[in-house]
Every structure is written in C-alpha cells, then in structure tokens.
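> Predicted model, plus sequence, below.
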Amino acid sequence: NIPIRDIFAGFKSQEDPDRDAAGIPFTAKEHIRALKKEYEERTLAANDPGMESCFNYCWALVHSRAKGRDVDVGLDFVQALLSHPESTSEMVSRRELLYLKAVGEYRKKEYLRARETLQGLLKVNPDFRQAESLLEHVENELVKEGLIGIGAGAAILGVVGAIA
C-alpha cells in the first residue's frame, strides 16, 4: 500500500514565483529600468515616445513586483492613454489598456474598481478570457474581504458585549 501523502506529493501546488495568485506575471526591476530608458530616449529623440514604448513601460510598471509607486505610475500612464482615444493604435487597443487598468487596480487591492473596469470591458468584449479570469479572482478577493470584515465586526461586538 502506498500512503496517501505519497500519492498527493506529486500534485503539489504549481505556484509560479514569477506570477501572483491570479496568474498575473511580475516584471523584474531590470526590465522596468530598460523600458524606462527606452521610453525616455524616444521621448528626448522625437518628443513623442510612441505608443508602443509608452505601453510597454506602463505594462511593466503595472506588473512590477514592488507594487506601490510603480503600479501607481503605471496606472497614471494608462489613464493618460485612455483619456486620449487618438493615442490608441493598431498595436495597442483600448481593450488592452482597460485590461491593464484592471490589473493595476487588482494589484493595488482596489477590487471594486477592478470589478467595475472588468465588467465594462466584458460587456464590449464578452469573449475576453483573460478579463473573465481576472474578474473571477477579483470576485474571490471581494468575498474574502467581506468574510474578514464580518469576522472583525463580530469580534468587535463580542468585545463590546464582554465589557458591557
């Protein structure tokens, strides 16, 4: 007889250290630095970085392992691109920008905003599998937050009840 623990040993989690729980890849700092340099060089050379270098740089920032400031700057870029519809091109669509916005919101734990962005995106692009998958993870995080909130509320009521 083979012990059950040995049977399940081969089914260990296939977690990828280069991706988060939703399967979203992280960008290495070196890669972000290289894309920033390319973006800055193109901006200085032509006073217009071009959609591709701008998108690549903001994509890398939003996917930064460091989150925080990188994700904020990346979201600022995405928002600027979205506010100028003429900036979208054949290479980078509004759909990709909205998905990138949702990724950034998810990474910042702004789950309600991410859900709203993804739901809007899926209304226009119902077969967008990546957006569907991310929406599922966002919904799971909202449920977790709700359960944690309920547990914290119950604990506070318990403490207040014990004091009274």
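Okay, I see it. All figures in this text were calculated on a predicted structure; none of them were measured in a lab.
> continuing past the helix or strand bottoming out on mean pLDDT in the chain, what's the next helix or strand?
Lowest by mean pLDDT, DSSP states H and E among the helices and strands of the chain is helix 4-9, with a mean of 38. Moving toward the C-terminus from helix 4-9, the next helix or strand (DSSP states H and E) is helix 29-46.
> State the mean pLDDT of the next helix or strand after that following helix.
Using DSSP H and E, the helix or strand that follows helix 29-46 towards the C-terminus is helix 51-62. The pLDDT scores in helix 51-62 average 88.
> Then stretch 114-130?
95.
> Can we start the residue count at 856 from this point?
Sounds good: first residue 856 from here, last item stretch 969-985.
> can you list the residues that contact it?
By Cβ atoms under 8 Å, 6 or more residues apart in numbering, the residues outside stretch 969-985 that reach it are 950, 953-954, 956-958, 960-961, 986-987, 989-990, 993-994, 997. Placement of C-beta: from N, CA and C, glycine included.
> at 7 Å instead, please
With Cβ atoms under 7 Å, 6 or more residues apart in numbering as the test, stretch 969-985 has contacts from 950, 953-954, 956-957, 960-961, 986-987, 989-990, 993-994, 997.
> Which member of the residues you listed is positioned nearest residue 881?
Nearest to residue 881 among these: residue 961, at 13.2 Å, using Cβ to Cβ.
> For residue 959, give me its contacts.
With contacts defined as Cβ under 7 Å, 6+ apart, residue 959 is in contact with 917, 926, 929, 930, 933.
> Tell me the confidence at it?
Model confidence at residue 959, given as pLDDT, is 95.
> the inter-axis angle of the helix or strand containing it versus helix 906-917?
Here residue 959 sits within helix 949-962, counting by DSSP H and E. Relative orientation of helix 949-962 and helix 906-917, computed by axes from the mean of the first three to the mean of the last three Cα atoms, to 10 degrees: 20 degrees.
> Show me how far helix 949-962 is from its chain's centre.
Taking Cα atoms, centre = their mean, to the nearest Å, the mean C-alpha location of helix 949-962 is offset from the chain mean by 7 Å.
> buried sites along it?
For helix 949-962, a neighbour-count test (16 or more other Cβ atoms under 10 Å) marks 951, 952, 953, 954, 955, 956, 957, 958, 959, 960, 961, 962 as buried.
> so where is the chain shaky, pLDDT-wise?
Where the chain drops to pLDDT under 70, the residues are 856-872, 902-904, 942-946, 1002-1019.
> Give me the residue at the spatial middle of it.
In the chain, the C-alpha nearest the mean C-alpha coordinate belongs to residue 958, at 2.3 Å (Cα atoms, centre = their mean).
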